[in-house]
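J.: take a look and give me a structure for this.
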Amino acid sequence: FINDIRSANAVSISNSRLFQDLTDLKNTLEVKVADRTAELQAAMEELEAVNEALTSTNRDLENAHRIAALDMDMAVNVQRSMFPKRPPAVIGWDIAFEFRPMSGVSGDLYDFYTEAGALKGIALFDVSGHGIASGLITMIARSVIHRNFFSGAGRRLGSILDAIHKELVRELDKVDNFLTGILLRIDGESVEYVNAAHPDLYIRRALSGSVRAVTSGDGAFKGSLLGINAIGQHAKALKFRMDEGDFLLLASDCLFESQNAQGAEYWPEHLERAISDAPHERAAEMLDYILGDFRRFIGGKGVADDLTAIVLKRTGSA
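T.: Down below sits the predicted model:
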């Protein structure tokens with residue numbers, strides 16, 4: 001009997017301790033649950049604040065992107081309104097050109113100078129860099145080049161390029177961009193040519209079918225980069241004759257420096273062969289053939305620069 005009582009007491013004490021332990025555990029769990037709930041609530045409030053901040057930032061970014069897109073569209077429209085949309089109809093010349101910005105605005109600029117239905121000159125220049133900044137500089141440079149070309153009538157073409165350089169240095173003060181380019185002055189069958197650190201001008205002769213870069217005997221006629229104060233401009237002009245059926249090709253450096261998937265450049269081998277093999281009845285046919293060959297050469301790699309190309313064919317007496 002006493003042993004039964006002792007056993008009952010032991011069970012009772014054990015149950016009492018177990019109950020106390022369970023009670024303590026329950027209380028502890030309730031406290032921990034309350035703490036965790038408070039922590040989760042605080043975390044949720046913090047996440048909500050972060051989400052609101054992200055939503056606001058995303059809204060600001062969308063607005064900034066929309067404004068940037070509007071600015072880009074405006075810059076594209078302004079630039080396109082300043083550049084010729086089609087070749088001029090002039091006596092004695094057949095002209096075709098391609099103007100293909102890499103993205104929106106272009107760092108390339110081109111212009112045709114005419115008087116009374118006669119072709120007097122052509123400009124093709126390339127501003128360093130890409131984007132809106134380069135596109136805005138093309139519009140400044142186009143005005144500078146156009147004004148100096150016509151005000152410099154009777155002066156050497158090299159001195160006109162010197163004057164363009166000096167004015168661009170003033171206009172582009174504290175701007176890192178510079179320009180390269182080609183300027184032609186045309187008087188009937190005579191062409192005067194200056195080059196400011198730009199890829200070569202190419203000629204295809206109708207009589208012989210030969211294709212070559214227009215250059216001096218020593219190749220030292222080219223001038224320097226335009227618009228950089230520390231660099232002087234001392235370009236030498238070359239003069240040559242264009243006979244009926246002869247072609248000229250001017251292009252921005254995209255056509256010369258673009259590479260295919262194997263890292264090979266299109267110029268000079270492929271470009272010279274395309275000029276030689278191209279149809280030579282019309283300027284547009286020759287240009288289409290060259291650009292088609294260029295696109296096949298680079299394949300799916302695409303171009304990493306603006307592309308501008310001009311083809312002139314001498315058709316007869318002006």
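J.: so what does the strand or helix carrying residue 54 touch, helix or strand wise?
T.: Following DSSP states H and E, one finds residue 54 within helix 2-82. With contacts taken as 3 or more C-beta pairs under 8 Å, 6 or more residues apart in numbering; DSSP states H and E, helix 2-82 sits against helix 132-151. Every C-beta, even on glycine, is put in place using the N, C-alpha and C of the backbone.
J.: please identify the buried residues of the helix it packs on?
T.: Neighbour-count burial for helix 132-151, counted by 16 or more other C-beta atoms under 10 Å, picks out 132-142, 144-145, 148-149.
J.: quick check: mean pLDDT across the helix holding residue 54?
T.: For helix 2-82, mean pLDDT rounds to 76.
J.: do stretch 286-299 as well
T.: 96.
J.: may I have it exported as CSV, CA atoms only?
T.: Output in CSV follows, covering the C-alpha atoms of stretch 286-299 (Å, rounded to 0.1, in the frame of the first residue of the first chain):
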residue,chain,number,x,y,z
MET,A,286,26.6,51.3,-108.2
LEU,A,287,25.8,52.5,-104.7
ASP,A,288,23.2,49.7,-104.2
TYR,A,289,25.7,47.1,-105.4
ILE,A,290,28.4,48.3,-103.1
LEU,A,291,26.2,48.5,-100.0
GLY,A,292,24.7,45.0,-100.8
ASP,A,293,28.2,43.6,-101.0
PHE,A,294,29.0,45.3,-97.8
ARG,A,295,26.0,43.9,-96.0
ARG,A,296,26.8,40.3,-97.2
PHE,A,297,30.4,40.7,-96.0
ILE,A,298,29.5,41.7,-92.4
GLY,A,299,26.7,39.2,-92.3
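J.: what does that stretch contact?
T.: 96-98, 247, 249, 255, 258-261, 266, 270-271, 274-275, 277-280, 309, 311, 313 (C-beta atoms under 8 Å, 6 or more residues apart in numbering).
J.: and what of stretch 216-230?
T.: Under C-beta under 8 Å, 6+ apart, the answer for stretch 216-230 is 125, 141, 158, 161, 164-165, 168-169, 171-173, 175, 177-181, 194-198, 215, 231-238.
J.: try it again with 6 Å
T.: 165, 168-169, 172, 178-179, 195-197, 231, 233, 235-236, 238 (C-beta atoms under 6 Å, 6 or more residues apart in numbering).
J.: mind listing the strands for the stretch 101-250 of the chain?
T.: 108-115, 118-127, 179-187, 190-196, 202-204, 211-213, 238-241, 247-251 (DSSP state E, counting those that start in this stretch).
J.: any idea how far the helix holding residue 54 is from the chain center?
T.: Mean-position distance between helix 2-82 and its chain equals 48 Å (C-alpha atoms, centre = their mean, to the nearest Å).
J.: next one: stretch 258-267
T.: Stretch 258-267 sits 18 Å away from the centroid of its parent chain (C-alpha atoms, centre = their mean).
J.: average pLDDT across it?
T.: Mean pLDDT, stretch 258-267: 91.
J.: now the terminal residues of it, how far apart.
T.: Terminal residues of stretch 258-267 are spaced 8 Å apart (C-alpha to C-alpha, to the nearest Å).
J.: pull out the buried positions in that stretch.
T.: 258, 266-267.
J.: and the closest residue to residue 267 other than its chain neighbours, what element?
T.: Spatially, and ignoring its direct neighbours in sequence, residue 267 is nearest to residue 256 (4.0 Å; C-beta to C-beta, 6 or more residues apart in numbering). Using DSSP H and E, residue 256 maps to helix 253-257.
J.: any regions of the stretch 51-200 of the chain where pLDDT drops low?
T.: 65, 67-76, 78-79 (pLDDT under 70).
J.: please state the offset of the host helix or strand of residue 293 from the chain centre?
T.: Here residue 293 sits within helix 283-298, counting by DSSP H and E. Centre-to-centre, helix 283-298 and its host chain are 20 Å apart (C-alpha atoms, centre = their mean).
J.: kindly report the same for stretch 99-116.
T.: Counting by C-alpha atoms, centre = their mean, stretch 99-116 is centred 13 Å from the centre of its parent chain.
J.: with stretch 267-283 instead?
T.: For stretch 267-283, the separation from the chain centroid amounts to 25 Å (computed by C-alpha atoms, centre = their mean).
J.: list the buried residues in it.
T.: Across stretch 267-283, burial judged by 16+ other C-beta under 10 Å covers 267, 270-271, 274-275, 278, 280, 283.
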